[in-house]
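Chemist: from the sequence below, what's the structure:
(2 chains)
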There are 2 protein chains.
Amino acid sequence: MILTVTLNAALDVTYFVDRLVPRASHRVDTVHERAGGKGVNVSRVLAALGRPTTVTGLAGGPTGTVLRAELRAAGLRDELLPIAGDSRRTVTVVSREDGDATVFNQSGPRVQPADWADFTAWYAQLIRHAAVVVLCGSLPPGLPPDAYGQLVTLAAAAGAATVLDTSGPPLLAALSAGPDVIKPNAAELAAVTGHRDIAAAAAELRALGARAVVVSCGPDGLYALTPQASWRATPPERLSGNPTGAGDACVAALAAGLASGTPWPDTLREAVALSAAAVPCPVAGDFDADLYHRFRTTVTVEDVHDAHTDR
Amino acid sequence: MILTVTLNAALDVTYFVDRLVPRASHRVDTVHERAGGKGVNVSRVLAALGRPTTVTGLAGGPTGTVLRAELRAAGLRDELLPIAGDSRRTVTVVSREDGDATVFNQSGPRVQPADWADFTAWYAQLIRHAAVVVLCGSLPPGLPPDAYGQLVTLAAAAGAATVLDTSGPPLLAALSAGPDVIKPNAAELAAVTGHRDIAAAAAELRALGARAVVVSCGPDGLYALTPQASWRATPPERLSGNPTGAGDACVAALAAGLASGTPWPDTLREAVALSAAAVPCPVAGDFDADLYHRFRTTVTVEDVHDAHTDR
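Modeler: Numbers count the residues shown, from 1 in each chain, chains lettered A, B, ... in the order given. This is a model prediction of the structure:
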């Protein structure tokens, strides 16, 4: 089972309007609501691939109740821990005229120290059944900066591998715990290391403790630095669209590969194919199954033999 | 007691952002939530004036639960009837840079015929204790077009006076039931009658059944056509700001005057003073008490002796 952790679970709300006009009053004719947050999206992709998955993390208040009901209605196994604070919403306003999306992200409720203690105990139970744990997204206010590091350490002690997809200080603070895979995008990698050479920056994060670093480079595909080798995986065509959905699909493929013990080149091929198949979908957690099956055989993976691998 | 009816009660949510940029992703740092809908706002103003008031109407789902809790926390008497559908939210995005507000209005849940039958029975109980009933706002989907007409008829049978503040077909369909006061704004009056001469248009709505027509003309104040006379009431200075809040404050003053049997010129003076004191407040249902007390003595009310009164 692949356990996904979403510490700042959200209710993702989409409003459709004719056209977004600042300072105007808009009639919203269609509203979609669904459970969100990166870990939830990763579990949606895994479930669509037929992989057993469980959602945990923190959710609370009336918004938490709605998001948990939606999660269960979608057929996902919900092991979120209830907290007192009301979960955040994200509101995406989509203009029918041109399809453009404008996003409003709430920061989420402040998590109390007792909630965090309860969560780590709950998580320690859940990881006993997990082959891989996926840790995703921003930390809500109130959590210790090394929250992900603590969860990586607990997973390692229980024999579960970890995939970490976060950025900034929560990413840096987790590296010394030795996550098996981290997946920054190119901009996040540059932000935490201070330089733009992807191979050198990835090597820096490996030196700080990450076992493998997979960097998502948008339409250019992936760069992966692992203990064995480094690779570039490139999609057969350049696609543009939903980068959040592409990133979450990539993480799902990395977790699935890790759970199955798949060789890195095959896992990277799957990750690029699934990301590229998610790009045209407006909602994160969805992918186009036909595109996915077409891309699986046409992604190229090359061993880049650079200076940063151990061999 | 003044009973306010809000058939499409809302949770009014305000998001503060640095600046609204279409197509961008925004971090929302502050979120305010409060119960809304015109009738709720009218009750807030009445409560602030020390007038006994009760809120009824329809609210349901998780959003209904949150809005009812907020209503009670604000000290308002909540007699909303629960329905199965989830109440709507309105989201107002306020830009800190310039204070500009951009509004997204959901349409509200579809009301089932059984809900409407339950509501009219519940309303028939509540109006036994009401001197005045205030009927405000848009009708949610699923209600009969003459819903307000039915409520006016029931109120009249119970000996309660009615103030109706709505627009378009729901306003036209209610006139034959003979509401005591209707309060269109100048644009709503022009839209339902098809012409812009305020006195003539108001006379047309009186001919269709409204006993008194009070037209709000923004910074120009009010025009009132009653069975006794017609008046213009003008604020001492031109103010601009929140027109929703001004309209709701005006309705509160009209209802309070009707409940006390206050002569029309005094009621109109109060209505203009209270509206003008609400204009600078960003949130409907609030007014500036100092401005209100200053304006009460400086509003001018003149008898306009036009051709449309009965005398």
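
Chemist: could I have stretch A:196-211 exported to CSV, CA atoms only?
Modeler: Provided in CSV are the C-alpha atoms of stretch A:196-211 (Å, rounded to 0.1, in the frame of the first residue of the first chain):
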residue,chain,number,x,y,z
ARG,A,196,20.5,27.2,-11.7
ASP,A,197,22.8,24.3,-12.8
ILE,A,198,20.3,21.5,-12.3
ALA,A,199,22.9,18.7,-12.1
ALA,A,200,25.1,20.5,-9.6
ALA,A,201,22.1,21.7,-7.5
ALA,A,202,20.7,18.1,-7.4
ALA,A,203,24.1,16.8,-6.3
GLU,A,204,24.1,19.4,-3.5
LEU,A,205,20.7,18.1,-2.2
ARG,A,206,22.0,14.5,-2.5
ALA,A,207,25.1,15.5,-0.4
LEU,A,208,22.7,16.9,2.2
GLY,A,209,21.0,13.5,2.6
ALA,A,210,18.4,12.8,-0.2
ARG,A,211,19.1,9.4,-1.7
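
Chemist: chain center to it: distance?
Modeler: Its chain's average C-alpha position is 19 Å from that of stretch A:196-211, according to Cα atoms, centre = their mean, to the nearest Å.

Chemist: contact partners of that stretch?
Modeler: A:164, A:172, A:175-182, A:184, A:186, A:189-190, A:192-193, A:195, A:212-213, A:215, A:217, A:223, A:225-227, A:230, A:304, A:306-308 (Cβ atoms under 8 Å, 6 or more residues apart in numbering or on different chains). Where C-beta positions appear, they are placed from N, C-alpha and C, glycine not excepted.

Chemist: do stretch A:237-245 as well
Modeler: Counting by Cβ under 8 Å, 6+ apart, the neighbours of stretch A:237-245 from elsewhere in the structure are A:38, A:41, A:185, A:218-219, A:276, A:278-287.

Chemist: quick one: distance of it to the chain centre.
Modeler: On the basis of Cα atoms, centre = their mean, the separation between the geometric centre of stretch A:237-245 and that of its chain is 15 Å.

Chemist: next, the buried residues of that stretch.
Modeler: By neighbour count, and taking 16 or more other Cβ atoms under 10 Å in any protein chain shown as the criterion, the buried residues in stretch A:237-245 are A:239, A:242-245.

Chemist: quick one: stretch A:96-107 near chain B?
Modeler: Yes: contact of stretch A:96-107 with chain B (Cβ under 8 Å from any Cβ of the partner chain) involves A:100-107.

Chemist: who's in contact with that stretch?
Modeler: A:10, A:16-20, A:88-95, A:140-141, A:282, B:15, B:17, B:20-29, B:31, B:91, B:93.

Chemist: now do 7 Å
Modeler: A:16-20, A:88-94, A:141, B:15, B:17, B:22-29, B:31, B:93 (Cβ atoms under 7 Å, 6 or more residues apart in numbering or on different chains).

Chemist: quick one, which of these are buried?
Modeler: For these, a neighbour count by 16+ other Cβ under 10 Å gives the buried set as A:17, A:20, A:88-94, B:15, B:17, B:26, B:28, B:31, B:93.

Chemist: from those residues, which is closest to A:T54?
Modeler: Of all the buried ones among the contacts of stretch A:96-107, A:T54 sits closest to A:R88, with 21.6 Å by Cβ to Cβ.

Chemist: the closest one and A:G137 touch, don't they?
Modeler: No: A:R88 is beyond contact range of A:G137, at 11.2 Å (criterion: Cβ atoms under 7 Å).

Chemist: quick revisit: just the ones of the contacts of stretch A:237-245 in strands?
Modeler: Secondary structure of those is defined by DSSP state E; no position falls in strands.

Chemist: which among those residues gets closest to chain B?
Modeler: Looking at the contacts of stretch A:237-245 and their distance to chain B, the nearest is A:A284, at 12.9 Å (Cβ to the nearest Cβ).

Chemist: please flag which of the buried ones among the contacts of stretch A:96-107 sit within strands.
Modeler: Taking DSSP E, the ones among those that sit in strands are A:17, A:88-94, B:15, B:17, B:26, B:28, B:31, B:93.

Chemist: could the residues you listed go into CSV alongside distance to B:R72 and pLDDT?
Modeler: Formatted as CSV, these follow (distance: Cβ to Cβ, whole Å; pLDDT from 0 to 100):
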residue, distance to B:R72, pLDDT
A:V17, 32, 94
A:R88, 24, 94
A:R89, 23, 94
A:T90, 28, 93
A:V91, 26, 94
A:T92, 32, 91
A:V93, 31, 93
A:V94, 35, 89
B:Y15, 24, 93
B:V17, 30, 94
B:H26, 32, 94
B:V28, 26, 93
B:V31, 20, 84
B:V93, 27, 93
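
Chemist: now distance to A:G50 too, for those residues, in CSV please.
Modeler: As requested, these are arranged in CSV below (distance: Cβ to Cβ, whole Å):
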residue, distance to A:G50
A:V17, 37
A:R88, 30
A:R89, 30
A:T90, 28
A:V91, 32
A:T92, 29
A:V93, 34
A:V94, 30
B:Y15, 39
B:V17, 41
B:H26, 37
B:V28, 37
B:V31, 39
B:V93, 41
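
Chemist: ok, now how distant is the residue lying closest to A:L46 once chain neighbours are set aside from B:A84?
Modeler: Here the nearest residue to A:L46 in space, its sequence neighbours aside, is A:T53; by Cβ to Cβ, 6 or more residues apart in numbering or on different chains that works out to 4.2 Å. From A:T53 across to B:A84, the span is 32 Å (Cβ to Cβ, to the nearest Å).
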